[in-house]
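S.K.: Quick one: sequence plus predicted model below, questions after.
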Amino acid sequence: MSEVSSQKPVVNSQTEPVAAAPRPAKWTASDYWRLATDFFRAAGAVVWKDLAAELRSKELLSAMLVFSLLVVLIFNFALELERSRATLATVVSGVLWVTFIFAGTIGLNRSLAMEKDRGSLDGLLLAPVDRSAIYFGKTAGNLLFMALVEVIILPLLSVLFNLSLLHPLLLLVVLLGTLGYAAVGTLLASMAIHSRARDVMLPILLFPVAIPVLVASVKASAAILAAAGWDEIGPWVNLLIGYDVIFVAVAFMVFDYVVEE
Amino acid sequence: MLRFPVERGETALSMTISMIETRSLTKNFGLQRVLRGVDLAVAPGEFVALMGPNGAGKTTLLRILATLARPSLGQARVAGFPLPAGAGEVRRRLGVVSHHPLLYGDLTAEENLLFYARMYGVRQRAQRLNTVLEQVGLAARRRDLVRTFSRGMQQRLAIARAVLHEPEVMLFDEPYTGLDQDACAMLDGVLRDVAARGRTVLMTTHDLARGLALADRMVILSRGVIAYSARRGEIDPATFGQTYASVVN
């Protein structure tokens, strides 16, 4: 039934192409520039779509925020702390990151599961863009949602535990830790959504892989809150940076294979 | 993964007069073999209705052609580009409509199309959005949230999404699922319009009468292989139901 013969890809002359032009035969600097702008245009479109949909539904943010508030309140009631600075620094950094990690897991799971349930994941994958742009957009969206929750939780923790958490270096650690968690979490969530038990599958996959980012974030946060020097904080911050670079790079390389059947 | 550019000769491989072509296409899910060597060729501008019982492999075949799944064995080409190597070029030339509208309920019709226009790099977006919304009769509802749309309206918007970038090949996977009589009649008109614009169409359907009314050729997929293929002029509509039953049983 199949007939193979002609020499060129078939182009239907009756339709006028309006999509972006295909790859040129000879690559110049401007072609690489176009490749990069296409990539960021697609990633930006995914972020814009996620933000616009979430601003209307508030489905994801409200769940993450209410969960985070409850966790912080429960810890505040459960832990009768001896109010020495060292104890506070250790405990508060633990509470901080347990709250962020658990709330982040809810967000990561729902973010990808909603795409899958509505069938819109296929719509994303059908677009003629590098699929790592979709990963980049989803990761940036998840990072933004987690950061929004953190912006609300950090001052609340400061008040409840009577300890200032608005230290610039702590904010940097929060950003690096959240980035690493969102990067690896988005990748693993895109694997977990194909499983029937995806709600439990994501934490099972994610928590072991996220142990380095969690340990480094907790240790760095505790050291900053205990007013320790850079020689104690620095190695943990370096570990966070290394983790972020490695997992973002790995995710860029494997995302295409993870999402395809 | 961000791919570095390759020479055109590496992606276009040997070309074909068929807009869609598969040879010995096989797909396994674990130990289960869903496609068992599918040979199919669809000429440019041809409208083919792909029929078959549930589990025959119709959706799997369409998902491979749509670059959403990788074949286990065999070859597939769309618009002359091999899969999966030329998937990016194929996606640029492909429009897909399935029973899922692939739309976001919390965005308006206009926002949905704007998002996909950005993803496809459509130029002159505002003008193109107006055109496709007019084509599917949804211009007046452009600022309404998609979750307030009926199933028929969502399917019309799904078609607008799929033709936004003027694809040369269109794949329809059970597009009539969940539509009432009026919506089906509307979709008939839209599909005729899509075909009249010279696009190559491959549509899966369980509706034999509708397939006969719309398509140039009827193909029956049974147990993972093409078991029947005939042009509309060669088919007696009165006995096609019996033919179909004998092929699939």
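M.R.: Looks like it came in fine.
S.K.: Dihedrals phi and psi, the residue positioned nearest the centre of chain B?
M.R.: In chain B, the C-alpha nearest the mean C-alpha coordinate belongs to B:Leu171, at 0.7 Å (Cα atoms, centre = their mean). Main-chain dihedrals, B:Leu171, degrees, to the nearest 10: phi -110, psi 130.
S.K.: OK, contacts around it?
M.R.: Residues in contact with B:Leu171 (Cβ atoms under 8 Å, 6 or more residues apart in numbering or on different chains) are B:Leu62, B:Leu65, B:Ala66, B:Leu94, B:Gly95, B:Val96, B:Val97, B:Val201, B:Leu202, B:Met203. C-beta coordinates here come from the backbone N, C-alpha and C atoms, glycine included.
S.K.: rerun that using 7 Å as the cut-off
M.R.: Going by Cβ atoms under 7 Å, 6 or more residues apart in numbering or on different chains, B:Leu171 touches B:Leu62, B:Leu65, B:Ala66, B:Leu94, B:Val96, B:Leu202.
S.K.: B:Ile20 now?
M.R.: Contacts for B:Ile20 (Cβ under 7 Å, 6+ apart) come out as B:Leu40, B:Val42, B:Leu65, B:Val78, B:Val169, B:Thr200, B:Leu202.
S.K.: Throw these into a markdown table and include neighbour count, pLDDT and secondary structure, thanks.
M.R.: As requested, the contacts of B:Ile20 are exported to a markdown table (neighbours: other Cβ atoms under 10 Å in any protein chain shown; pLDDT from 0 to 100; DSSP: H, G, I helix; E, B strand; the rest coil):
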| residue | neighbour count | pLDDT | secondary structure |
| --- | --- | --- | --- |
| B:Leu40 | 22 | 92 | strand |
| B:Val42 | 23 | 93 | strand |
| B:Leu65 | 26 | 95 | helix |
| B:Val78 | 32 | 93 | strand |
| B:Val169 | 23 | 93 | strand |
| B:Thr200 | 26 | 92 | strand |
| B:Leu202 | 27 | 95 | strand |
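S.K.: quick one: which two of the residues you listed are the most distant?
M.R.: Comparing every pair within the contacts of B:Ile20 by Cβ to Cβ identifies B:Leu40 and B:Val169 as the most remote, at 13.0 Å.
S.K.: picking up where we left off before, show me which of the contacts of B:Leu171 neighbour chain A.
M.R.: By Cβ under 7 Å from any Cβ of the partner chain, the members of these lying near chain A are B:Ala66, B:Val96.
S.K.: Switch the contacts of B:Leu171 over to CSV; also include distance to B:Gly189.
M.R.: CSV is the format used below for the contacts of B:Leu171 (distance: Cβ to Cβ, whole Å):
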residue, distance to B:Gly189
B:Leu62, 22
B:Leu65, 25
B:Ala66, 24
B:Leu94, 22
B:Val96, 20
B:Leu202, 19
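S.K.: list the contacts for the closest residue in space to B:Arg231 that isn't next to it in sequence?
M.R.: Nearest residue to B:Arg231 in three dimensions, chain neighbours excluded: B:Arg217, at 5.1 Å (Cβ to Cβ, 6 or more residues apart in numbering or on different chains). Counting by Cβ under 7 Å, 6+ apart, B:Arg217 touches B:Glu46, B:Val48, B:Ser229, B:Ala230, B:Arg231, B:Arg232.
S.K.: Please tell me how far the fourth one sits from B:Tyr176.
M.R.: What that stands for is B:Ala230. Here B:Ala230 is placed at a distance of 22 Å from B:Tyr176 (Cβ to Cβ, to the nearest Å).
S.K.: Which one's more surrounded, those two?
M.R.: B:Tyr176 (18 against 13; other Cβ atoms under 10 Å in any protein chain shown).
S.K.: In this structure that one contacts B:Ala185, no?
M.R.: No. Applying Cβ atoms under 7 Å as the test, B:Tyr176 and B:Ala185 come out as separate, 10.5 Å apart.
S.K.: Tell me the residues of the stretch 101-250 of chain A that contact chain B?
M.R.: Contact residues (Cβ under 7 Å from any Cβ) of the stretch 101-250 of chain A with chain B: A:Gly119, A:Ser120, A:Asp122, A:Gly123, A:Leu125, A:Leu126, A:Ala127, A:Pro128, A:Val129, A:Asp130, A:Ser132.
S.K.: So what's the residue count around the third one?
M.R.: The burial count assigned to A:Asp122 is 19, neighbours taken as other Cβ under 10 Å.
S.K.: what does the fifth one give?
M.R.: Close neighbours of A:Leu125, defined as other Cβ under 10 Å, add up to 21.
S.K.: Same question for the fourth one.
M.R.: The burial count assigned to A:Gly123 is 24, neighbours taken as other Cβ under 10 Å.
S.K.: Just give the closest residue to it, not the sequence neighbours.
M.R.: B:Leu102 (3.4 Å).
S.K.: OK, contacts around that neighbour?
M.R.: Contacts of B:Leu102 by Cβ under 7 Å, 6+ apart are A:Gly119, A:Ser120, A:Asp122, A:Gly123, B:Ala158, B:Arg161.
S.K.: Just the buried positions in the helix or strand hosting A:Ala210, please.
M.R.: Element membership for A:Ala210 (DSSP states H and E) is helix A:198-225. By neighbour count with 16 or more other Cβ atoms under 10 Å in any protein chain shown, helix A:198-225 contains the buried residues A:198, A:201-203, A:205-206, A:210, A:212-214, A:216-225.
S.K.: Same check on stretch A:178-197?
M.R.: Within stretch A:178-197, the residues scored as buried using 16+ other Cβ under 10 Å are A:178-193.
S.K.: Same question for stretch A:128-147.
M.R.: Residues A:128-146 are the ones in stretch A:128-147 that count as buried (16+ other Cβ under 10 Å).
S.K.: Keep only those of the residues you listed that are in strands.
M.R.: Judged by DSSP state E, the buried residues of stretch A:128-147 include no members of strands.
S.K.: and B:Arg210, how many neighbours?
M.R.: 18.
S.K.: Quick check: pLDDT value at it.
M.R.: Looking at B:Arg210, its pLDDT is 90.
S.K.: The one 5 residues further on too?
M.R.: Predicted confidence (pLDDT) at B:Ala215: the value is 91.
S.K.: From B:Gly74, how far out is it?
M.R.: Distance from B:Ala215 to B:Gly74, by Cβ to Cβ: 24 Å.
S.K.: before we move on, what about A:Gly94?
M.R.: Distance, A:Gly94 to B:Gly74, using Cβ to Cβ: 55 Å.
S.K.: what's the average pLDDT for the host helix or strand of A:Leu35?
M.R.: Element membership of A:Leu35 [criterion: DSSP H and E] is helix A:29-57. Mean pLDDT, computed over helix A:29-57, is 90.
S.K.: close to chain B, is it?
M.R.: Yes. Contact of helix A:29-57 with chain B (Cβ under 7 Å from any Cβ) involves A:Asp31, A:Asp38, A:Phe39, A:Arg41, A:Ala42, A:Ala45, A:Lys49, A:Ala52, A:Ala53, A:Arg56, A:Ser57.
S.K.: Drop anything exposed from those residues.
M.R.: A:Asp38, A:Phe39, A:Arg41, A:Ala42, A:Ala45, A:Lys49, A:Ala52, A:Ala53, A:Arg56, A:Ser57.
S.K.: With distance to A:Glu150 as extra columns, can I get these in CSV?
M.R.: Below are these laid out as CSV (distance: Cβ to Cβ, whole Å):
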residue, distance to A:Glu150
A:Asp38, 31
A:Phe39, 27
A:Arg41, 28
A:Ala42, 27
A:Ala45, 25
A:Lys49, 22
A:Ala52, 21
A:Ala53, 21
A:Arg56, 22
A:Ser57, 21
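S.K.: hang on, the earlier thing: which of the contacts of B:Leu102 fall within strands?
M.R.: Using DSSP E, none of these sit in strands.
S.K.: Which one of those is nearest to A:Ile106?
M.R.: A:Ser120 (19.7 Å).
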